[in-house]
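**Q** sequence first, predicted coordinates after that:
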Amino acid sequence: MNNYARKRTCAIFKEKPVTDDYPWESITLAVLIIFLSPFTSYYINAVAFLICFFRAVRYGAVIFSTDYCILATVSLLFQLNSSFVLLPYLCLAIAIWFVCTEGLQPDAATIMLIMWLDYLLLRTNGDFNNLVLCFSQFALLRELLKKQNRSSAVRTSKTYCISLLISSLYAYIFRSTSQLIALKGTEAPAYWMSTQKRFYGLFQDPNYYMALLIIAITLLIKLRLSNEIKRIPFVAMLSAVTVFGFLTYSKTFLLLIAFICVVYVILQIRNRRFFLSFALTVGILLTVMVSMQIQDSPLQVILYRFSTATNMDDLTTGRSDLYGRYTNAIISGVKSFFIGYGLDAEYLTLSPHNLYLEILYYLGAFGMAIYVATLGAFIHVTRSEIHQNRDDSFLMRYFPLISIALLFFSLSGMFSPSTYVMIFLALVSMLI
């Protein structure tokens, strides 16, 4: 592409208003290739990689932001081999393309992103995979957030929820095949000696899958409260996502669903929909009562997991012991507290199951400060696009962000693309 064409392309991207037109054909082909790869060869994902890259080049950041969220729901399948997952490298390549064609603006987000890269380089010793994972996602988020508005946020949120449901159905249909078992591992029982198996979706851990379902639920609620989705599709999609969530038999999922239900009722009351809030409360209570009468229902099984816990370690499924182990390692010395153990450090037996502890363990207090400051700069980028006359409440605007902030107390994911997709969706949802 010559200089004139590149400048003209950038001008089109900047001036072209976001419409409801979205080029579905090529991204559908890419996803079909990814779905076929476990049953044919993972090398065909190279074709999907090229399709997605050229879509970003042709259509720009607004369109690719939706592609990015679609690809996150199938990221485990999107690989060349077990050690080379393609999504982070696609994100890095596209972020570099956007920077090269549009340049870097000297704003707070850019400054924080450069600081983040410098610090990651200082805390890396030879193995750059984790660095690519941590930086490529942030670099792409920086570019995608600049072009978002309400229309693109609504489209991306809806498409993400639909994509997650499609990938969940795919995973459920093929969950017993040797190809998916080899990819994800054997599904764990819901509890000791249980016959029920925890549904993982297209992930190797039910907790990561559950986390994506949680953000989908919060997005659906926000879309409904903003009148961006009709009642019947909302109820259908919300019910399906919630059912898949309960099939993970996750205690964290149950706690967060309870939190989301409370917030949803509060938001309805704030909008003076008193009858609807009362009906929702009654409906939720009746659903819980009926579910508890069904033998081995997911809700009954999850509550059984709570009731059989004899100590804090049982209640948290070993997380409290991990928290203590990582906390002791972090505060064991001045160096470990301020700069951590580096990106190449080994887990202390298992991952910390807490994003905040994970960042402190690898990068220390300085790394945590840069991480939080970078997110703050991204929030500022998004807030600058919000209409001045909007009067939505703090809870309404930050509902998805608050949900994932709570979620990360029991879920690590510094090196997981799904973590950054959830952050992106939570930030984009502020525009709805």
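**A** Perfect, I can see it now.
**Q** rest of the way, CA atoms for contacts and neighbours
**A** OK.
**Q** tally of neighbours for the closest residue to residue 266 other than its chain neighbours?
**A** On the basis of C-alpha to C-alpha, 6 or more residues apart in numbering, the spatially nearest residue to residue 266 that is not a chain neighbour turns out to be residue 277, at 7.8 Å. Residue 277 has 20 neighbours, counted by other C-alpha atoms under 10 Å.
**Q** how much space is there between residue 277 and residue 261?
**A** 10 Å (C-alpha to C-alpha, to the nearest Å).
**Q** sorry, back to before: how near is the residue nearest to residue 266 to residue 26?
**A** 42 Å.
**Q** residue 44 now?
**A** 15 Å.
**Q** between these two, who's got more neighbours?
**A** More crowded of residue 44 and residue 26, by other C-alpha under 10 Å: residue 44, with 18 against 14.
**Q** list the contacts for that one?
**A** Residue 44 is in contact with 33, 34, 37, counting by C-alpha atoms under 8 Å, 6 or more residues apart in numbering.
**Q** of those, which is the most crowded?
**A** residue 34 (28 neighbours).
**Q** and it, what helix or strand is that in?
**A** helix 24-36 (DSSP states H and E).
**Q** give the rounded mean pLDDT of the helix or strand following that helix.
**A** Counting by DSSP H and E, the element after helix 24-36 in chain order, helix or strand, is helix 45-59. The average pLDDT within helix 45-59 is 95.
**Q** what angle sits between helix 45-59 and helix 24-36?
**A** Using axes from the mean of the first three to the mean of the last three C-alpha atoms, to 10 degrees, the inter-axis angle of helix 45-59 relative to helix 24-36 is 160 degrees.
**Q** same for the helix or strand following helix 45-59, what does it pack against?
**A** With elements assigned by DSSP H and E, the helix or strand that comes after helix 45-59 is helix 61-72. Other elements packing on helix 61-72 under the criterion 3 or more C-alpha pairs under 8 Å, 6 or more residues apart in numbering; DSSP states H and E are helix 45-59, helix 87-102, helix 129-145, helix 150-173, helix 417-428.
**Q** repeat that for 6 Å
**A** helix 150-173 (3 or more C-alpha pairs under 6 Å, 6 or more residues apart in numbering; DSSP states H and E).
**Q** what lies in contact with the helix it packs on?
**A** The contact list for helix 150-173, computed with C-alpha atoms under 6 Å, 6 or more residues apart in numbering, reads 66, 69, 70, 73, 201, 202, 216, 428, 431, 432.
**Q** what do you get for stretch 70-84?
**A** With C-alpha under 6 Å, 6+ apart as the criterion, stretch 70-84 contacts 34, 42, 43, 85, 86, 160, 163, 164.
**Q** how much distance is there from that stretch to the middle of the chain?
**A** 14 Å (C-alpha atoms, centre = their mean, to the nearest Å).
**Q** residue 319: neighbour count?
**A** 20.
**Q** and for the one 10 residues further on?
**A** Using other C-alpha under 10 Å as the criterion, residue 329 is surrounded by 17 other residues.
**Q** in which helix or strand does it reside?
**A** helix 319-330.
**Q** same thing with residue 398?
**A** Going by DSSP H and E, residue 398 is part of helix 394-407.
**Q** now do the buried residues in stretch 75-95.
**A** Buried residues in stretch 75-95, counting neighbours by 16 or more other C-alpha atoms under 10 Å, are found at 75-80, 85-92, 94-95.
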